[in-house]
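Trainee: need a 3D model of the sequence below.
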Amino acid sequence: MNSTRTRRALGAAAATAVAALSVGTLAVPAHAADHALKLNVSSTIQIPTEPAAQPQFGDNVSMRIGRTGSGDVTNAVLTLDTSGLDGVASLSVQGNACSTAAKVISCKIYLISYEDINITDYLWLSALPGVKAGSSGAVHATLSAPGAESAATDFRVEVGGAAFRTAEIAPLEKVKTGSTFSPGLRFANRGDVSASRTVIEVMLVPGLSVDHWPSNCEYATSPGQVGKKGFGAPIPTTHGICTIEGEILPNEPVRLNGLDLTVTSEALYTFADFTVYSGPDMAGTQGPALRKQLAFQRGTGAPATLTRDSAVGIPSGFPDRNAHFVEQEVYADNGADFELTGVWAPDPSGRKGALTVTATNRGPASIMDRSLGEGTPHIRVQLPEGASIAELPKGCQADDYVLGQKQDRSLNKFDCEVFDWFMPNGATASRTLGVQLDEGTTPLSATVSFQDEQSDLEEGYPAALMTWDPNQDNNRVKVALRSAPAPAPTTPAPAATPPAAAVVPAAVPVPVAAPVAATPGPTAPARAARSSSSTVTADLADGGELPDTGSEQAVPLAWASGTALALGTAAVLTSRRLGRRRA
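Mentor: As a prediction, this is how the structure comes out:
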């Protein structure tokens, strides 16, 4: 978990999840149509003064299309009128479905099935030889299709100008919750002219907060737009837009001051994203779209400032599209208790019922997995021989693999997805499986455990390797599906006479009067009481069965393989850790 190999890609994806809603779309007046088309592109695109050839599969124009409603739009055409670029820049495109006539590029888009998706052809802008910094032009774009409402927009092309490039920020390790720090945001103006202002966009995920936003910043919260757009799991985010006035000369490096971040009780692994621009309408800015969605308010703290800094570690050269983006990662000294429980509810016959398994993050930390599934636990249900699946819910599937190798027989093992890439403090998810029991009197129990990609592929780990979980005892449990019938009494029970009180030595078992044996009822043959004068033992190694104590609840599997003394109808089990665990 928490690998950095996908940090920049996932950070950029989180940032562009909102940017996909960028302003710049103009709908043609409404008319009878099955769909309304959508066309999104930044209002200003900046390119260097030096002519630049298009690299293979390269693009410097981010354009997205879509349609409202459901169903497909077919035979759409994207047209790009480049006559407004005369004497300034050229626009080229890679794609077999595109053609150029005079100064108009036409691209056939045979199918649009989404509300928002990037175009598949690569658009490239290059300055013309000898053009001066500060020159600008425009492109008019139109998206149309038979039976659909068209969309159109213009975007400005600026040659040269100010352009910011960021330095990487080192991750912070073993940070205490409740502490405050200043993020190391450093950048330089790598453009041809001075910048008169700086716009810094900030996105915070759970685990980081700003106690006092500067007065030159606006901030708002989103309940989960980023997760819905980018990853499938809604994740609340905080967004800030800071505008700092002041000149930054070409090649001048600066550092942000006055925006302090606090590490909250939710933090384990968390991050903050920063993007820096020389204006509010540059390519990649999210501010216009965010202001349409969220209610921003202005900060009341001391204003944020930029101070001159060293250029060490800040790349030179004109920036690419993502060079104005950087991320601050934080690893907090914290943890989260993941708990697994299970409940068996049989029908009147006792041979069929519902097995409900529930996963809960009891916190305090929220868990975020950015390592492509390595840290995301799922629930595994291992049914014993004599039990079979009657109904498998959505999100669950049979698992016939052992250490990554598919077996040639059914293993009576089932995996259920319960969490996504973000698992907040307090999150709970349940799955209910229909289970059929064969006839018989042998006790049956299902083993339920957390598993993840790593534990699936390594020997010796009966549960997921959640190193951030301080309590591993509730990560694997057994749930009684059928208990043994009560033994038949040999003689009628005599009338009980209250015994005289006696002093019992500490190490001697307490004698308990035998209760009257219960007669199994017609609707619950497997629930008769057992004699409480016997010693209860539990062998919970793989393959062992849990003794019935009259309860249908799950028992933590770490309460394993010890002798338990029966006190009335309760059994106290000695505890040990089952299976080796990684240090």
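Trainee: make it CA atoms for all contacts and neighbour counts henceforth
Mentor: Fine.
Trainee: from Ile367, how far off is the spatially most central residue of the chain?
Mentor: Centroid-nearest residue in the chain, with CA atoms, centre = their mean: Trp421, separated by 2.4 Å. In this view, Trp421 and Ile367 are 8 Å apart by CA to CA, to the nearest Å.
Trainee: show me the helices in the stretch 201-350 of the chain, by range?
Mentor: 225-230, 287-293 (DSSP state H, counting those that start in this stretch).
Trainee: per-residue pLDDT, Asn60?
Mentor: Asn60 carries a pLDDT value of 86.
Trainee: before we move on, what SS does it have?
Mentor: coil (DSSP: H, G, I helix; E, B strand; the rest coil).
Trainee: the nearest residue to it once chain neighbours are set aside and Gln54, how far apart?
Mentor: In space, and not counting its chain neighbours, Asn60 is closest to Trp124: 5.4 Å by CA to CA, 6 or more residues apart in numbering. Using CA to CA, we find Trp124 at a distance of 6 Å from Gln54.
Trainee: do Pro206 as well
Mentor: Pro206 sits 40 Å away from Gln54, going by CA to CA.
Trainee: what pLDDT is listed against the residue nearest to the centre of the chain?
Mentor: 81.
Trainee: wait, it touches Met368, no?
Mentor: Yes: using CA atoms under 8 Å, Trp421 makes contact with Met368 at a distance of 5.8 Å.
Trainee: that older thread, who has more neighbours out of Trp124 and Gln54?
Mentor: Trp124 (21 against 18; other CA atoms under 10 Å).
Trainee: right, and the more buried one touches Ala89 too?
Mentor: No: between Trp124 and Ala89 there is no contact under CA under 8 Å: 10.2 Å.
Trainee: flag every buried residue along stretch 394-406.
Mentor: Across stretch 394-406, burial judged by 16 or more other CA atoms under 10 Å covers Cys396, Ala398, Asp399, Asp400, Tyr401.
Trainee: related to what we said a few turns ago, worst mean pLDDT among the helices of the stretch 201-350 of the chain?
Mentor: Per-stretch mean pLDDT for those is lowest at helix 225-230 (a mean of 44).
Trainee: can you give me phi and psi for the closest residue to Ala76 other than its chain neighbours?
Mentor: Nearest non-adjacent residue to Ala76, counting by CA to CA, 6+ apart: Ala145, 4.2 Å away. Ala145 adopts backbone torsions of phi -160, psi 150, taken as degrees, to the nearest 10.
Trainee: give the contact list for Ala359.
Mentor: Going by CA atoms under 8 Å, 6 or more residues apart in numbering, Ala359 touches Phe338, Glu339, Leu340, Thr341, Ile379, Val418, Thr428, Ala429, Ser430.
Trainee: hang on, the earlier thing: partner strands of the strand or helix carrying the residue nearest to Asn60, parallel or antiparallel?
Mentor: Under DSSP states H and E, the secondary-structure element containing Trp124 is strand 122-127. The pairing partners recorded for strand 122-127 under DSSP bridges are strand 89-94 (antiparallel).
Trainee: what bridges to Leu172?
Mentor: According to DSSP bridges, beta-bridge pairing links Leu172 with Val330.
Trainee: can you get me a residue count around it?
Mentor: There are 15 residues near Leu172, going by other CA under 10 Å.
Trainee: now do the contacts for it.
Mentor: Counting by CA under 8 Å, 6+ apart, Leu172 has contacts Gln328, Glu329, Val330, Tyr331.
Trainee: let's see 7 Å
Mentor: Glu329, Val330, Tyr331 (CA atoms under 7 Å, 6 or more residues apart in numbering).
Trainee: for the residues you listed, which one is nearest Cys98?
Mentor: Glu329 (41.8 Å; CA to CA).
Trainee: remind me which residues of the stretch 201-350 of the chain are low pLDDT?
Mentor: Along the stretch 201-350 of the chain, the model assigns pLDDT under 70 to residues 225-233, 321.
Trainee: mind doing that once more with 90?
Mentor: 223-235, 278-289, 292-293, 316-324, 349-350 (pLDDT under 90).
Trainee: again, but for the stretch 351-500 of the chain
Mentor: Residues of the stretch 351-500 of the chain meeting the criterion pLDDT under 90: 368-376, 404, 418-423, 427, 439-442, 452-461, 465, 467, 482-500.
Trainee: give me that answer again for 80
Mentor: Confidence mapping of the stretch 351-500 of the chain against pLDDT under 80 gives the ranges 370-375, 483-500.
Trainee: which parts of it are strands?
Mentor: For the stretch 351-500 of the chain, the strands defined by DSSP state E, counting those that start in this stretch cover 352-364, 367-368, 378-382, 387-391, 396-398, 401-402, 405-406, 413-416, 422-423, 428-437, 444-451, 476-482.
Trainee: for the third one, which strands pair with it and how are they oriented?
Mentor: What it means is strand 378-382. strand 413-416 (antiparallel), strand 444-451 (antiparallel).
Trainee: how about the last one?
Mentor: In the sheet containing strand 476-482, the strands it pairs with under DSSP bridges are strand 444-451 (antiparallel), strand 554-556 (antiparallel).
Trainee: Asn412 is nearest to which of these?
Mentor: So among the strands paired with strand 476-482, strand 444-451 is nearest, using CA to CA, at 10.3 Å.
Trainee: chain center to the helix or strand just after the strand holding Trp124, what's the gap?
Mentor: For strand 122-127, the following helix or strand on the C-terminal side (DSSP H and E) is strand 136-144. Relative to its chain's centre, strand 136-144 lies at 36 Å (CA atoms, centre = their mean, to the nearest Å).
Trainee: and what of stretch 447-462?
Mentor: How far stretch 447-462 lies from its chain's middle: 21 Å, per CA atoms, centre = their mean.
Trainee: ok, now stretch 40-47?
Mentor: 30 Å.
Trainee: all strands for the stretch 151-300 of the chain, in order.
Mentor: Counting by DSSP E, counting those that start in this stretch, the strands of the stretch 151-300 of the chain are 151-159, 164-166, 172-175, 180-181, 186-189, 195-204, 208-209, 217-222, 237-248, 253-257, 261-263, 269-277, 297-298.
Trainee: export the ones you listed to a markdown table and tack on distance to Ala141?
Mentor: Formatted as a markdown table, the strands of the stretch 151-300 of the chain follow (distance: least, CA to CA, whole Å):
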| stretch | distance to Ala141 |
| --- | --- |
| strand 151-159 | 5 |
| strand 164-166 | 27 |
| strand 172-175 | 44 |
| strand 180-181 | 45 |
| strand 186-189 | 30 |
| strand 195-204 | 27 |
| strand 208-209 | 40 |
| strand 217-222 | 31 |
| strand 237-248 | 29 |
| strand 253-257 | 36 |
| strand 261-263 | 41 |
| strand 269-277 | 24 |
| strand 297-298 | 34 |
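Trainee: Tyr461: which of those is closest?
Mentor: So among the strands of the stretch 151-300 of the chain, strand 269-277 is nearest, using CA to CA, at 23.6 Å.
Trainee: thank you, goodbye.
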